[in-house]
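> Here is a sequence with its predicted model. Questions after.
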Amino acid sequence: MRLVRLAVARPGAAPRALPLAVWLAEDAADMARGLGGAPVDPRVAMLFAFAAPARHAFHTRTMRGRLDFAFLRSDARGYDVLQVRDRVAPGELDVRGRAPYDAVLELPGGAAALAGVAAGARIVVAG
């Protein structure tokens, strides 16, 4: 895993830095572990990128707090937010977006709304 800096842009607005440390899951072990097993840290998020769009499944089986899931579609410039499922409770076994996506941003519960991560927003890698 490595840290990445992300910024969020709402339509018609300049990008704002995402105020969280964002870990990029770089291999299958990172993806399997995710943010699970420890109390949810309100300062940490994780970005999962997949080779192809699909309705990739997530779960909150080992979580000890609520999570937000932003389902993203990538292009050469960044990610479009397709949908956000907010404050998903621990114990959910099948967390998916409605349409195929090739990336997911997993955030502490409630953080997506506070940071402006919503359908129609744009997420870009900053620096």
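Looks like it arrived, so ask away. Numbers count the residues shown, from 1 in each chain.
> quick one: buried residues of stretch 6-24?
Buried residues in stretch 6-24, counting neighbours by 16 or more other CB atoms under 10 Å, are found at Leu6, Ala7, Val8, Pro15, Leu18, Leu20, Val22, Trp23, Leu24. Using the backbone N, CA and C atoms, a C-beta is placed for each residue, glycine as well.
> repeat for stretch 62-75
Buried positions in stretch 62-75, judged by neighbour count with 16+ other CB under 10 Å: Met63, Gly65, Arg66, Leu67, Asp68, Phe69, Ala70, Phe71, Leu72.
> among these, which are in strands?
Leu67, Asp68, Phe69, Ala70, Phe71, Leu72 (DSSP state E).
> Where do the helices of the chain begin and end?
If you assign secondary structure with DSSP state H, the helices in the chain sit at 28-33, 111-115.
> most neighbours per residue, which of these?
A comparison of the helices of the chain by mean neighbour count, using mean count of other CB atoms under 10 Å, puts helix 111-115 on top with a mean of 20.
> coming back round to it: may I ask which two of the buried residues of stretch 62-75 are separated the most?
Based on CB to CB, the longest span within the buried residues of stretch 62-75 runs between Gly65 and Leu72 and measures 21.9 Å.
> what residues are up against the closest residue to Pro53 other than its chain neighbours?
Among residues not flanking Pro53 along the chain, Pro100 sits closest, at 3.9 Å (CB to CB, 6 or more residues apart in numbering). Taking CB atoms under 8 Å, 6 or more residues apart in numbering as the criterion, Pro100 is in contact with Pro53, Ala54, Arg55, Arg73.
> tell me the contacts of His59?
Glu92, Leu93, Asp94, Val95.
> what residue is smack in the middle of this protein?
Within the chain, the residue whose C-alpha comes closest to the C-alpha centroid is Leu105; the distance, by CA atoms, centre = their mean, is 0.8 Å.
> right, and that one touches Ala45 too?
Yes. With contact taken as CB atoms under 8 Å, Leu105 and Ala45 are classed as touching, separated by 6.1 Å.
> who touches both of the two?
Both Leu105 and Ala45 are in contact with Val22, where contact means CB under 8 Å, 6+ apart.
> Check the offset of the lowest-mean-pLDDT helix or strand in the chain from the chain's centre.
Taking mean pLDDT, DSSP states H and E as the measure, helix 28-33 is the helix or strand of the chain with the lowest mean score, a mean of 84. Between the mean C-alpha location of helix 28-33 and the chain-wide mean there is a distance of 14 Å, by CA atoms, centre = their mean, to the nearest Å.
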